[in-house]
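K.L.:
just need the structure, nothing else, for what follows:
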Amino acid sequence: MKANNVCNSCNREINTLPNNTRFYCPVCNKFEIVRCGHCRQIVAKYTCASCGFVGPN
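P.N.:
The predicted structure follows:
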């Protein structure tokens with residue numbers, strides 16, 4: 001399993017989950033954030049491994 005196919009919030013593999021998204025950290029633009037649809041819906045926190053930014057909010 002590749003690390004970039006895992007949700008940064010819940011660590012579930014996202015290959016078969018709906019409403020996934022990928023984007024780069026809004027602060028450092030170096031680390032790719034991967035989010036599953038469930039964590040997006042419940043607004044679960046994620047942390048950038050590069051700069052330590054905690055989102056969403």
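K.L.:
quick one: the helices in the chain?
P.N.:
All helices of the chain, identified by DSSP state H, fall at 37-41.
K.L.:
and the strands in it, which stretches?
P.N.:
Per DSSP state E, the chain carries strands over the ranges 21-24, 32-35, 46-47, 54-55.
K.L.:
quick one, which of those strands is packed in tightest?
P.N.:
With neighbours taken as mean count of other Cβ atoms under 10 Å, the strands of the chain reach their highest mean count in strand 32-35, at a mean of 19. From N, CA and C alone the C-beta is placed, and that goes for glycine too.
K.L.:
follow-up on the earlier one: nearest to Val6, out of the strands of the chain?
P.N.:
strand 32-35 (6.4 Å; Cβ to Cβ).
K.L.:
re earlier: using CSV, lay out the strands of the chain together with distance to Glu13.
P.N.:
Listed next are the strands of the chain as CSV, based on distance: least, Cβ to Cβ, whole Å:
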stretch, distance to Glu13
strand 21-24, 14
strand 32-35, 10
strand 46-47, 16
strand 54-55, 21
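K.L.:
which among those strands is found nearest to Cys7?
P.N.:
strand 32-35 (5.8 Å).
K.L.:
other SSEs contacting the closest one?
P.N.:
Using 3 or more Cβ pairs under 8 Å, 6 or more residues apart in numbering; DSSP states H and E, the elements in contact with strand 32-35 are strand 21-24.
K.L.:
okay, Phe31 and Asn15: tell me how far apart.
P.N.:
As defined by Cβ to Cβ, to the nearest Å, Phe31 lies at a distance of 20 Å from Asn15.
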